[in-house]
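>>> predicted model and sequence below, questions to follow.
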Amino acid sequence: MNWLYLALDLGSIAVPLAFSFDKRIAFYRNWKYLFPALFIMAFIFLVWDAWFTAEGIWEFNSNYVLGIDIGNMPFEEYLFFIFIPYACVFTHEALKFYIPETKIDRHGRPIANWLIILFTGIAVVYHDRLYTLVTFSSLAVALAICNYVLKFKGLGRFFFSYLVTVIPFLLVNGFLTAMPVLIYNNDENSGIRIGTIPLEDFFYWMLLYLGGVVIFELLKHKHQPQKQV
């Protein structure tokens, strides 16, 4: 089953890519803003990924990858950091089209404030667990930048779309961790799992999702100044 990780990558992008050409959403028209966001986040996370792989925080199961490595990571991992953020930003935009307004939209900044405190506390408690420390401290810093420096107005909408996509995340990441395609060193995480998924994965993904959405929105609204972020 060396094709398994590749199949998961392709399956994750298939529906969002197909519906990108739906005339009502026409997401493909925003690719000029999307692709810079994807490549910026992919670069950051691939550096992080390569570091953690080298440090033995996690490793890839050779039974489920093609065996085409770039550096110390399989080719499929590079696709993952393009395809998954694409699917995330597409979902974020599609939800804005189909559900234009939610109650959470107006409460993004106070929610972010509480999460910054929570994530900082978790990072302190688990300061000796590298995956936990880096994930939660990075997310706390990213939310602080969005809230206080960028004053990003779309945080509420981001939190809403993040919650909606928890179900597909559980399916994809649950499969990755159940097989497992990715094997974790539990000495470097909190040891808390939702099913087979380490708790940290939910927030590693939140950070990846947040970065993609914020950069995409900033680039788009730079060229559409009549709409505020």
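Cool, got the structure. Numbers count the residues shown, from 1 in each chain.
>>> make it CA atoms for all contacts and neighbour counts henceforth
Will do.
>>> chain center to stretch 170-179: distance?
Distance, stretch centre to chain centre, for stretch 170-179: 15 Å (C-alpha atoms, centre = their mean, to the nearest Å).
>>> what do you get for stretch 121-128?
21 Å.
>>> show me where the protein has its strands.
Along the chain, counting by DSSP state E, strands occupy 58-60, 69-70, 73-74, 182-184, 193-194, 197-198.
>>> wait, which of those is closest to residue 175?
Checking the strands of the chain against residue 175 by C-alpha to C-alpha gives strand 197-198 as the closest, at 9.1 Å.
>>> neighbouring strands of that closest one in the sheet, and parallel or not?
Sheet pairing for strand 197-198, assigned by DSSP bridges, gives strand 193-194 (antiparallel).
>>> distance from the chain centre to the partner strand, please.
Distance, stretch centre to chain centre, for strand 193-194: 17 Å (C-alpha atoms, centre = their mean).
>>> so which residues make contact with it?
Identification of contacts with strand 193-194 by C-alpha atoms under 8 Å, 6 or more residues apart in numbering yields residue 199.
>>> quick one: average pLDDT of it?
Averaging pLDDT along strand 193-194 yields 95.
>>> buried sites along the helix or strand of the chain with the lowest mean pLDDT?
Between all helices and strands in the chain, the lowest mean by mean pLDDT, DSSP states H and E belongs to helix 166-178, at a mean of 91. Applying a neighbour-count criterion of 16 or more other C-alpha atoms under 10 Å, the buried positions in helix 166-178 are 169-170, 172-177.
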